Structures are given as C-alpha cells and as structure tokens.
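*Asks:* Quick one: sequence plus predicted model below, questions after.
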Amino acid sequence: MTKSLKKTATVAVRSLVPGRPHHAQWMITRKCNYHCRGCNVWKEQDQRELSTEEIIRGLDILKDLGIVEIVLSGGNPLLREDAPEIIEYASNLFVTTVYDNGSMATKKIEALRNVDFVAISIDSLDEAKNDYIKAVPGAWKKAMKAVETLHNERISVSVTPTISQLNLYEIVGITNYFTQKGIPVWYCLYSFDQSEDKNQLFRIGKINDELIIRDDQAMVKLCDSLIEMKKKNRKILITTKLLNALRTLFLEGKRTWNCRALQNFLVIDHLGRIAGCHSHNFSGSIFDLPKLWNSENFNLLRKTYNKCKQCAYLCYIFYSLHGNPYGNLTLAKDQWKNVKLLFER
Ligand code: SF4
Ligand code: SF4
C-alpha cells in the first residue's frame, strides 16, 4: 500500500469513531512577520515555543485521540525553522492544512508538497487595498506569486480571503478569479475577540471599525450567491451548510448551531496548552490530553461551551457543524483528494 493510501485508510477509520474530536488547530508559533489590521497576534508575539520533539510527541497524542484534520497556524507556522519536519510528520497522520500570509510558502516549497491544503491569505484583487489590510507593502505581490508558484508546482494551494466590510462586495469576484484558474477558495470571516473570559488563552481578532461587517443584507446576498455558485463550482470549499448558518446569522441574528468546542475540536497554543477555543482559558497540557479528554472537568467545560455565543469565527462554526463522523467523512470525500482515491478503488 502506498504511503498516501495508508494514511487515507487510517484517517478514514479514525473519522468513523464517535465521541472523539476530529479537528485540531495548533498555533505552533506566536511569531508573525505581518501587521494585519484586524489581528492581535503580531502585537502579542512570544519567542517561546515547544521544541520539535515536543510537537512530534503532541501530534502522536492527537492521532491516538482520533484527530482526523489538523490546521497548523500561528502566527506564521512557516517562520519556524523546523516547519518542514513538523509539516511532514503531520501530513503523514492527518488531513493537514498549513496557513501562510503569502510571505513564506515559496521559501518552504519542498515542505509543502504533501500538505492537503496550503491556505494563502489574499483579501483583495486590488493590491493597494490588500496591502492596507495587511499593513505590509508588497504583501499582495508576494501572495499572488506564492499562489501561482505553488499551483504550477502542483501543490494543493487554496486562497483564503477574510471577509470584512472592506472586501464584502468583491468576494464573488475574488472567488471567480481564482476558481477559474483551478485554485480552490476557502474563507475566513472577520471577527474580533469579545470574550468574557479575562484569562482567555490568547487574542486573535482585534476590533477595527473599518473591518466590521455593517451591511448585513450584502452578507446575506453573498451567502445566496455562493450557495448558487457552489452548484456548478467545486472549487468553492465552504460548505452549503455553513453558508446557510451564516445566512441565518446575518438575516435574523440567530445561531442555528451549538458550539462544540472540546467536543468536535480543540486548539493548542505555541506552548502546548489546550483549550476548546482561543477565547477561553487553557484547560491543561497536550501531554495530559489522553487522561483529560474523558475527565469530569472536560465534561463540565463542554456543557459551558455548548451554550456559549461569544464568537462567530468561521472555523469554529464549521467544526461545530461538521464534526460528527458521518459529516466528517463526507466532507473529506468531497474535499480531500486522497479520500476520493480510496472511495474510487
Ligand atoms: S492575521 Fe495572520 S498574518 Fe496577519 S498578523 Fe495575524 S497572524 Fe500574522
Ligand atoms: S462560541 Fe465556542 S468557539 Fe466561540 S468563544 Fe464560545 S466556546 Fe469559543
């Protein structure tokens, strides 16, 4: 059996085990080389991080726990010198996504060959606007170059705009531009931290008046457009279920999902601390995760998170909606080339 089919088979088996978390987001570094206007990470950098060996040990623990899909982010995960080793190890165990702001991917190209999704952040086709949002001159050119290079190298690159008031009206255009070139598009949604937990693990979204979505009707219209476009365009990676949830949120202010933090997903920070999401305090170390997962404390936290309505980060909504084994597997079948191979044999 080839390496990739072996991975596919073990991932498929893990997908079907109930009562396990399927998604983990590991911010493997707090270092970042950008200054995005809607982000706190760059203001609160930390030079401390786990060693390569510790991360490898943590990845094994996540695999044993049943994690199917991992997102390596930061900061910028590619700023770590050992990023190639970490990425290779993760890619052999999980459906792996690596985030980059577009500045590093071309420098680490060999490390990205086996990654399932390399997500490059581009917020506008207008160079000046993109660079304004990122607060880094030249960001757009680098990101566009990265996407082109990775695509030409047949690496699974996707573009990930963060939807905000500044680019709301051009999301359809951005989507068409990249998907017509065969490049998939996924989205983030601008959100800012409004956690009531003063010990929240770390802050990501920074409040910024220019970015807050004020035109709710346009957001509803965008959801309608993407739902329609998805019928013919398989390169739009966001799911219809997620678009419908967003549509209702912006149309009626109603949340049609319960948060499943610490059930379907968990986050790990650069020091190996785990939490349901970044907005709450950490609840232990990744190295204690096997004994914590079924603990009374974790069960109580799950109940609290289940009722929590403090954020609208798209990835958390997505994981809350798509976490059960069946949903996970169909999602993977839809979006992950290796699972398709297994199904088609
Ligand atoms: S959004 Fe990403 S690239 Fe921008 S400052 Fe924050 S962590 Fe860095
Ligand atoms: S809704 Fe869920 S992901 Fe968002 S802050 Fe609450 S527990 Fe965290």
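*Replies:* Structure received. Being a predicted model, the structure only gives us computed values, none of them experimental. Ligands and ions are numbered 1, 2, ... in the order given.

*Asks:* Could you list the buried residues of the helix or strand encompassing residue 301?
*Replies:* Element membership of residue 301 [criterion: DSSP states H and E] is helix 296-307. By 16 or more other C-beta atoms under 10 Å, the buried positions in helix 296-307 come out as 298, 301, 305. C-beta: built from backbone N, CA, C; applies to glycine.

*Asks:* Tell me which other helices or strands it touches.
*Replies:* With contacts defined as 3 or more C-beta pairs under 8 Å, 6 or more residues apart in numbering; DSSP states H and E, helix 296-307 has no helix or strand neighbours.

*Asks:* Give me the contact status of the helix or strand just after it with ligand 2.
*Replies:* Per DSSP H and E, the first helix or strand lying C-terminal to helix 296-307 is helix 314-321. Yes: using C-beta under 6 Å from any ligand atom, helix 314-321 comes into contact with ligand 2 via residue 316.

*Asks:* residues near whichever residue of the stretch 201-345 of the chain sits closest to ligand 1, how many?
*Replies:* At 7.2 Å from ligand 1, residue 204 is the closest residue in the stretch 201-345 of the chain, using C-beta to the nearest ligand atom. By the criterion of other C-beta atoms under 10 Å, residue 204 has 21 neighbours.

*Asks:* residues contacting it?
*Replies:* 39, 40, 41, 193, 278, 313 (C-beta atoms under 8 Å, 6 or more residues apart in numbering).

*Asks:* again, 7 Å this time
*Replies:* Neighbouring residues of residue 204 by C-beta atoms under 7 Å, 6 or more residues apart in numbering: 39, 40, 41, 193, 278.

*Asks:* between those, which is nearest residue 258?
*Replies:* residue 278 (18.6 Å; C-beta to C-beta).

*Asks:* Which helix or strand contains that closest one?
*Replies:* Here residue 278, judged by DSSP H and E, is contained in no helix and no strand.

*Asks:* For it, grab phi and psi.
*Replies:* phi -70, psi -10 (degrees, to the nearest 10).

*Asks:* mind checking pLDDT for the nearest residue to it once chain neighbours are set aside?
*Replies:* Excluding the flanking residues, the one nearest residue 278 by C-beta to C-beta, 6 or more residues apart in numbering is residue 201, at 4.9 Å. Note on residue 201: pLDDT of 73.

*Asks:* same question, residue 103
*Replies:* 97.

*Asks:* can you check the one 3 residues further on too?
*Replies:* Residue-level confidence at residue 106 comes out at 97, pLDDT.

*Asks:* Close to ligand 2: what parts of the stretch 51-200 of the chain are there?
*Replies:* Counting by C-beta under 6 Å from any ligand atom, no residue of the stretch 51-200 of the chain is near ligand 2.

*Asks:* List the contacts of the closest residue to ligand 1 within the stretch 51-200 of the chain.
*Replies:* Nearest residue of the stretch 51-200 of the chain to ligand 1 (C-beta to the nearest ligand atom) works out as residue 101 at 3.7 Å. Residues counted as contacts of residue 101 (C-beta under 7 Å, 6+ apart) are 34, 76, 121, 134, 139.

*Asks:* need the helices for the chain, in chain order.
*Replies:* With helices called from DSSP state H, the chain shows them at 3-15, 52-65, 83-93, 127-134, 139-152, 171-179, 216-230, 240-252, 289-292, 296-307, 314-321, 325-335, 337-344.

*Asks:* and those, which is most packed in?
*Replies:* Highest mean neighbour count of those: helix 314-321, a mean of 23 (counted as mean count of other C-beta atoms under 10 Å).

*Asks:* now it and helix 240-252, what's the angle there?
*Replies:* With axes from the mean of the first three to the mean of the last three C-alpha atoms, to 10 degrees defining the directions, helix 314-321 sits at 110 degrees from helix 240-252.

*Asks:* average pLDDT for helix 314-321?
*Replies:* Helix 314-321 comes out at a mean pLDDT of 92.

*Asks:* Please verify my assumption that residue 309 contacts residue 255.
*Replies:* Yes: counting by C-beta atoms under 7 Å, residue 255 is a contact partner of residue 309 at 6.1 Å.

*Asks:* who has more neighbours, those two?
*Replies:* residue 255 (14 against 8).

*Asks:* How about the contacts made by the more buried one?
*Replies:* 249, 309.

*Asks:* how close does it get to residue 207?
*Replies:* Computed as C-beta to C-beta, to the nearest Å, the residue 255 to residue 207 distance reads 21 Å.
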